[in-house]
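Q: my questions concern the predicted model and sequence given below.
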Amino acid sequence: MDVVWMLPLLLLFPLLMWTSSTFLFYFKKFFYVAWMMLLALLGIPVCLLKSGGRDVENMRVIRAMVRHVKYFFGLRIEVSGWEHLQTVGPYVIISNHQSSLDVLGMMEILPDRCTTIAKKELVYAGTVGLICWLSGIVFINRKKTSDAKSVMADAAKTMLDQQIRLWVFPEGTRNQNGDLLPFKKGAFHLAVQAQVPIVPVVFSSYNSFYLRKEKQFNSGTIKLKILPKIETKGMTSEDVSSLSDLSHSLMRTAFLEISDSVPQSNGPLKH
Ligand SMILES: CCCCC/C=C\C/C=C\CCCCCCCC(=O)SCCNC(=O)CCNC(=O)[C@H](O)C(C)(C)COP(=O)(O)OP(=O)(O)OC[C@H]1O[C@@H](n2cnc3c(N)ncnc32)[C@H](O)[C@@H]1OP(=O)(O)O
Ligand SMILES: CCCCCCCC/C=C\CCCCCCCC(=O)OC[C@@H](O)COP(=O)(O)O
């Protein structure tokens, strides 16, 4: 073929490749949300029949229904430190938060009678919002600290009265910058108020298979490391800052240890 004709084709090829991976990114994201919405639609009547309303036991329904979703996206989830979840009674789980894909890892290890603290906007997410409400998810208004504090103080009492575990994302928002954000204090006040242990859980970086800004969503492995519990018995609000710093330091070390060295989104090589 004439080289003049080959040139535009050669230029077009990378464009087509780029377009197809971007297309795949949006397709997979759309499928993820649509599938979760459908699962929630099917799960809602199961929850209502099982518990008759809002009840943390409904988390078992979500856990059972979500576990297969990882296979659609070629994701492997490797868990270490299972023994640290064998704690009797209530505790607070804290973990880093990179994406809504975290739900897949959560549902691999979610202990019984464990629900989550989430931003209040999630309750309006259609069928997903409704099943979250039915499963006892505690919704907070992040823009009104005083409201969030009082909801979390109530949650501390409920944890003890009803023997519930709570999963909190102390970064307070999704973050994929290749490191952990500084921690907000709510999770630590919660654990100290209820005098229950904290179990840190670390998700490895998704940057090797999922990059939001670059529109990449490939298959890959998520490593989940459950760290030993941190006791809070005898602590007061004075200890919250040091408790938060200790947790952050332990989790950051584990995060860097289990995450692959990969180019970070919009940044240099890390780790
Ligand atoms: C079958 C199909 C199913 C389909 C569906 C599938 C899945 C659905 C099921 C499950 C999904 C669950 C997944 C949900 C994920 C949702 C994740 C999120 O939404 S993350 C965002 C929400 N979470 C959080 O924000 C928690 C972390 N944030 C905090 O804890 C914050 O501290 C805060 C309470 C919100 C307050 O925020 P602020 O910005 O004001 O932060 P500070 O921490 O700096 O606090 C200021 C000040 O207040 C003191 N403080 C904080 N909290 C308390 C408290 N509880 N009691 C007393 N005092 C408190 C803090 O110490 C600061 O004071 P000081 O500076 O003097 O120390
Ligand atoms: C206003 C709508 C709120 C989000 C709705 C998303 C629709 C979800 C539908 C299906 C996805 C599967 C279930 C995922 C549930 C997890 C939701 C989530 O991860 O929310 C993001 C929140 O942690 C932090 O948000 P910000 O990055 O601080 O903002």
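A: Thanks, I have the structure now. Ligands and ions are numbered 1, 2, ... in the order given.

Q: ignoring the adjacent residues along the chain, who's closest to the most centrally placed residue in the chain?
A: Centroid-nearest residue in the chain: residue 102, 3.4 Å away (criterion: Cα atoms, centre = their mean). Take residue 102 and drop its neighbours on the chain: the residue closest to it by Cβ to Cβ, 6 or more residues apart in numbering is residue 203, 6.2 Å away. C-betas here are computed from N, CA, C, even on glycine.

Q: what residues does the one you found make contact with?
A: 95-96, 98, 102, 105, 222-224, 255 (Cβ atoms under 8 Å, 6 or more residues apart in numbering).

Q: please repeat the previous calculation with a cut-off of 10 Å.
A: Residues in contact with residue 203 (Cβ atoms under 10 Å, 6 or more residues apart in numbering) are 77, 95-99, 101-102, 104-106, 222-225, 251, 254-255, 258-259.

Q: so the residue nearest to the centre of the chain sits right up against residue 204, yeah?
A: No - Residue 102 is beyond contact range of residue 204, at 11.5 Å (criterion: Cβ atoms under 10 Å).

Q: identify the contacts common to those two.
A: By Cβ under 10 Å, 6+ apart, the residues touching both residue 102 and residue 204 are 96, 222, 224.

Q: now for the nearest residue to the last one once chain neighbours are set aside, how many residues are close by?
A: Spelled out, that is residue 224. In space, residue 224 comes closest to residue 79 once its chain neighbours are excluded; the distance is 4.7 Å by Cβ to Cβ, 6+ apart. Neighbours of residue 79 under the rule other Cβ atoms under 10 Å: 15.

Q: just confirm residue 79 is within a strand.
A: Yes - counting by DSSP: H, G, I helix; E, B strand; the rest coil, residue 79 is part of a strand.

Q: quick check: it vs ligand 2, distance?
A: 20 Å (Cβ to the nearest ligand atom, to the nearest Å).
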